[in-house]
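1. how would this look folded up:
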Amino acid sequence: MPTIVVEVMPKPELLDPAGKATAGAIAKQGSTTFSSVRIGKRFELTVDGEVTDAVLAEAQRLAEEFLSNQVIEDVVKVEVA
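-> Residues are numbered from 1 along each chain as shown. Take a look at the predicted model:
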């Protein structure tokens, strides 16, 4: 069965406290390679049947209206895995 992956991230202009804490923890481990971390959400939607344009449109609609909070998050990807 096909899977549609939806990725949601905090809007760039908003503080990401979990990402900031993770970046601090990485730095405490001695890594200087990464300057920041942003933490988002990933949803995997299993499709019963073929993935059509209508199915992708429905996944996009759900991502924008239900899976994300459009005030503080952006839907960055809706694709077939």
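
2. where do the strands sit along the protein?
-> 3-10, 41-46, 73-80 (DSSP state E).

3. buried deepest among the ones you listed, which one?
-> Counting by mean count of other C-beta atoms under 10 Å, strand 3-10 has the highest mean neighbour count of the strands of the chain, with a mean of 18. To be clear about C-beta, it is placed using only N, CA and C from the backbone, and glycine gets the same treatment.

4. what sits up against it?
-> Contact partners of strand 3-10, identified using C-beta atoms under 8 Å, 6 or more residues apart in numbering, comprise 16, 19, 38-47, 51, 55-56, 59, 62-63, 67-68, 72-81.

5. repeat that for 10 Å
-> Applying C-beta atoms under 10 Å, 6 or more residues apart in numbering, the external contacts of strand 3-10 come out as 16-19, 38-47, 51, 55-56, 58-60, 62-64, 67-70, 72-81.

6. let me know the outermost residue of this protein.
-> Gly30 (27.3 Å; C-alpha atoms, centre = their mean).

7. could you measure from that residue over to Ala63?
-> According to C-beta to C-beta, to the nearest Å, Gly30 stands 37 Å off from Ala63.

8. could you export the longest helix seen in the chain as PDB, CA atoms only?
-> As assigned by DSSP state H, the longest helix anywhere in the chain is helix 17-28. C-alpha atoms of helix 17-28 as PDB (Å, rounded to 0.1, in the frame of the first residue of the first chain):
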ATOM      1  CA  PRO A  17      12.300  25.800  22.200                       C
ATOM      2  CA  ALA A  18      12.700  22.100  21.600                       C
ATOM      3  CA  GLY A  19      15.100  22.700  18.700                       C
ATOM      4  CA  LYS A  20      17.000  25.200  20.800                       C
ATOM      5  CA  ALA A  21      17.300  22.700  23.700                       C
ATOM      6  CA  THR A  22      18.400  20.000  21.300                       C
ATOM      7  CA  ALA A  23      21.000  22.300  19.700                       C
ATOM      8  CA  GLY A  24      22.400  23.000  23.200                       C
ATOM      9  CA  ALA A  25      22.600  19.300  24.000                       C
ATOM     10  CA  ILE A  26      24.400  18.600  20.800                       C
ATOM     11  CA  ALA A  27      26.900  21.400  21.600                       C
ATOM     12  CA  LYS A  28      27.400  19.900  25.100                       C
END
